[in-house]
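Asker: structure of the sequence below:
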Amino acid sequence: MRETRNEIPGGTSLERADSRSALMKFVDRLVSRKKQMTTPGAVSAPVYHERQLKELCALHALNNLFQDGKAFNKHMLDQICHSLSPDHLVNPHKSVLGLGNYDVNVIMAALQSKGFEAIWFDKRKDPSMIDLAKILGFILNVPNELKLAFLQFPLSRKHWVAVREIRQLVTEPYPVCEFYPGSRPRGEPAGLFFNLDSKLDVPVCIGGEEDVIKFLRDQAKSKEREIFIVVRQDIGKECYKPQLR
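Answerer: From the prediction side, this is the model:
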């Protein structure tokens, strides 16, 4: 009896296996949770993505935004909390259980320590007014429904999410990525924007500039979601297009 194989047109089963293996290698190199950006400026490296641990979404969002796992740690954010409210027995800027759950004041202070600031985006305006070439990225504050197994509770907490541009370079044998320290160099082509939510298994590519504008418009439709534009302090509100400031 002749052996039969399920094959996809255009290639043998062996070729298909080789193709799948190459794809998995590409994904492994593109999405890495172990490698960080350690050199200032534009650096070639895989996409850095921290996954959710305890209530440390603010920490993960900051490190994912800077593409640097050493940018901040829990101790540093706890120190910021103390500096913001040194005389409070119960610190209002984090969880009383010490699990994280940092508020926006901690994120803003952390960004300022790196020479950046978070500008609250007025959702009555259109995201197309943002000059994407001048920003580091976005931090979103979104609802986070509490779930236990298949049960969903009526209580909700807020969750921090980083979104930023990463320019992919096609090199041999695999594409790598290039990170900019806060604004895109003049004349450089735009890259791809990634959703670096720590609750995702892997980073999700949103797409190009038009795609991220649509993504932000969708986020802005919800009263429970807030958008913060992260820019260098010397740029500030210059991150808006001149005719639309």
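Asker: quick one: the strands in the protein?
Answerer: Ranges of strands within the chain are 31-32, 43-45, 47-48, 116-120, 137-148, 151-169, 176-179, 192-195, 204-207, 226-232, based on DSSP state E.
Asker: please, where are all the helices along this protein?
Answerer: Assigned by DSSP state H, the chain shows helices spanning 13-30, 57-66, 74-84, 104-113, 209-220.
Asker: can you redo those as TSV with mean neighbour count, mean pLDDT and distance to residue 203?
Answerer: Any C-beta I mention is one placed from the backbone N, CA and C, and that applies to glycine too. Shown next, in TSV, are these (neighbours: other Cβ atoms under 10 Å; pLDDT from 0 to 100; distance: least, Cβ to Cβ, whole Å):
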stretch	mean neighbour count	mean pLDDT	distance to residue 203
helix 13-30	12	50	9
helix 57-66	27	96	8
helix 74-84	16	90	22
helix 104-113	19	95	20
helix 209-220	17	96	14
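Asker: quick one: which of these is nearest residue 133?
Answerer: helix 209-220 (9.1 Å; Cβ to Cβ).
Asker: coming back round to it: residue 201 is nearest to which of the helices of the chain?
Answerer: Relative to residue 201, the nearest member of the helices of the chain by Cβ to Cβ is helix 13-30, separated by 11.3 Å.
Asker: distance of residue 227 from residue 69?
Answerer: According to Cβ to Cβ, to the nearest Å, residue 227 stands 25 Å off from residue 69.
Asker: now do residue 50
Answerer: 7 Å.
Asker: for residue 53, same thing?
Answerer: Counting by Cβ to Cβ - residue 53 and residue 69 are separated by 12 Å.
Asker: okay, the two: which has more neighbours?
Answerer: residue 69 (19 against 13; other Cβ atoms under 10 Å).
Asker: for that one, give me the pLDDT.
Answerer: pLDDT recorded at residue 69 is 92.
Asker: overlap in contacts of residue 50 and residue 69?
Answerer: By Cβ atoms under 8 Å, 6 or more residues apart in numbering, residue 50 and residue 69 have these common neighbours: residue 63.
Asker: enumerate every residue touching the closest residue to residue 102 other than its chain neighbours.
Answerer: Nearest non-adjacent residue to residue 102, counting by Cβ to Cβ, 6 or more residues apart in numbering: residue 58, 4.0 Å away. By Cβ under 8 Å, 6+ apart, the contact set of residue 58 is 77, 100, 101, 102, 106, 107, 160.
Asker: tell me where the model's unsure across this structure.
Answerer: 1-45, 87-100, 145-157, 168-180, 187, 244-245 (pLDDT under 70).
Asker: hmm, back to that, of the helices of the chain, which is nearest residue 46?
Answerer: Closest to residue 46 of the helices of the chain is helix 13-30 (Cβ to Cβ; 5.7 Å).
Asker: quick one: neighbours of residue 233, just the number.
Answerer: 12.
Asker: quick check: it touching residue 112?
Answerer: Yes: with contact defined as Cβ atoms under 8 Å, residue 233 reaches residue 112; the gap is 7.3 Å.
Asker: can you name the residues bridging to residue 231?
Answerer: When assigned by DSSP bridges, residue 231 has beta-bridge partners residue 117.
Asker: what about it, distance to residue 184?
Answerer: Relative to residue 184, and taking Cβ to Cβ, residue 231 is found at 12 Å.
Asker: ok, the two, which is more surrounded?
Answerer: For residue 231 versus residue 184, neighbours defined as other Cβ under 10 Å are more numerous around residue 231 (25 against 18).
Asker: that older thread, need the overlap of contacts for residue 231 and residue 184.
Answerer: Common contact partners of residue 231 and residue 184 (Cβ under 8 Å, 6+ apart): residue 134.
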